[in-house]
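Engineer: sequence first, then the predicted structure, then my questions.
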Amino acid sequence: MNVAELDAAIGDTERAFIDTSVCIAFHSRDEVAHPLARHLFQRIEDGADPLAGYLSVITAAELLVRPMRTAGPDLVVMHRFLRRLANLYIVDVDFEIAHQAANIRALTRLQLADTLIVATALMSGCQAIVTNDERWSRRLAPLFPQFRWIYLGR
Amino acid sequence: MKMIKLESVGEVKISPRGAVNLPAKVLREVGWQHGDHLFVEILDDRILLSRKPPSLADALAGRLTHLFPGGEDTRRFLDEERAGWDEFDRRLEPE
């Protein structure tokens, strides 16, 4: 996938749910999908672009683990990303999301972490889920066709 | 290898209204100007001031490559982080 294909896949999406793997691709120049992840977050930050990004609080926790171990400047960088990037929202797990997650789990027997993440995307009104994790996308996409699934590694 | 720059430029006093005047030498040194917006962050018992960049996405992209070397490491990292949920999931299932 290149930048033009990513833009085409996003289309008129205004709320994109972003998986942990995409955030890692943004932070790491060594990830093949880094240019795509960078473009995605540039668009999210751009106030003239209607696209906004939504992250699960689970993703925030995952992203903070390694910076927390090194502390100092790395933690500052990750905090800025999570707290300061314009139009990027971290969605807490509230009762409604927990209820939706339980519903999904009862029907699909997916892992609770996955159901919390998908429930967050549903309850945030996201039209698309962007991921750089092929296995995750392959497992979940057939179960939730209401989303546009955008896999950066395609 | 990135050299660490550390320079002591004196002391400032906090006014009754909480204002602090940054020495002109400091502003010149880092290239900050009147009207610049700053991020204010607390790290342990220190206050960090940093100029807000025109694009935060550009400023942050790729800055943590040393923490996330990519590829197989990312897959392993995600597997490890989510492995803890497997035990949690087993406990949720009836015997």
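Structural biologist: Thanks, I have the structure now.

Engineer: what score does residue 18 have for pLDDT?
Structural biologist: I'll assume chain A. pLDDT, A:Ile18: 97.

Engineer: um, chain B though
Structural biologist: On the pLDDT scale, B:Gly18 gets 92.

Engineer: counting neighbours, what do you get for it?
Structural biologist: Applying other C-beta atoms under 10 Å in any protein chain shown, we find 6 other residues in the vicinity of B:Gly18. C-beta here means a position set from N, CA and C on the backbone, and glycine is covered the same way.

Engineer: which phi and psi does it have?
Structural biologist: Backbone torsions for B:Gly18, taken as degrees, to the nearest 10, come to phi 90, psi 10.

Engineer: what sits against A:Phe41?
Structural biologist: A:26, A:53, A:85, A:88, B:57, B:61 (C-beta atoms under 8 Å, 6 or more residues apart in numbering or on different chains).

Engineer: please name the bridge partners of the residue nearest the centre of chain A.
Structural biologist: Using C-alpha atoms, centre = their mean, the residue of chain A that lies closest to the mean C-alpha position is A:Ile18, 1.3 Å off. Using DSSP bridges, the bridge partners assigned to A:Ile18 are A:Val130.

Engineer: ChimeraX command for the buried members of the contacts of A:Phe41?
Structural biologist: This is how ChimeraX selects the buried members of the contacts of A:Phe41, with burial counted by 16 or more other C-beta atoms under 10 Å in any protein chain shown:
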select /A:26,53,85,88 /B:57,61
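
Engineer: inside helices: which ones of the contacts of A:Phe41?
Structural biologist: Counted as lying in helices by DSSP state H, out of these, are A:26, B:57.

Engineer: quick check: the two most widely separated of the contacts of A:Phe41?
Structural biologist: Longest distance between any two of the contacts of A:Phe41 is 14.1 Å, between A:Gly53 and B:Ala61; criterion C-beta to C-beta.

Engineer: now do the helices in chain B.
Structural biologist: Along chain B, the stretches classed as helices by DSSP H are B:24-30, B:56-60, B:72-92.

Engineer: how about the ones you listed in JSON lines, adding distance to A:Ala37?
Structural biologist: Formatted as JSON lines, these follow (distance: least, C-beta to C-beta, whole Å):
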{"stretch": "helix B:24-30", "distance to A:Ala37": "29"}
{"stretch": "helix B:56-60", "distance to A:Ala37": "10"}
{"stretch": "helix B:72-92", "distance to A:Ala37": "12"}
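
Engineer: mean neighbour count, the ones you listed: which tops it?
Structural biologist: helix B:56-60 (a mean of 18; mean count of other C-beta atoms under 10 Å in any protein chain shown).

Engineer: send me that helix as PDB with only the CA atoms.
Structural biologist: The C-alpha trace of helix B:56-60 is given here as PDB (Å, rounded to 0.1, in the frame of the first residue of the first chain):
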ATOM      1  CA  LEU B  56       3.700  17.700  16.300                       C
ATOM      2  CA  ALA B  57       3.200  14.600  14.100                       C
ATOM      3  CA  ASP B  58       6.400  15.600  12.100                       C
ATOM      4  CA  ALA B  59       8.300  16.300  15.300                       C
ATOM      5  CA  LEU B  60       7.400  13.000  16.900                       C
END
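
Engineer: just checking, what packs against that helix?
Structural biologist: helix A:20-27, helix A:34-45, helix A:72-84 (3 or more C-beta pairs under 8 Å, 6 or more residues apart in numbering or on different chains; DSSP states H and E).

Engineer: gap between that helix and the chain center?
Structural biologist: 12 Å (C-alpha atoms, centre = their mean, to the nearest Å).

Engineer: hang on, A:Thr70 packs against A:Met78?
Structural biologist: No. Counting by C-beta atoms under 8 Å, A:Thr70 does not reach A:Met78; the two are 10.0 Å apart.
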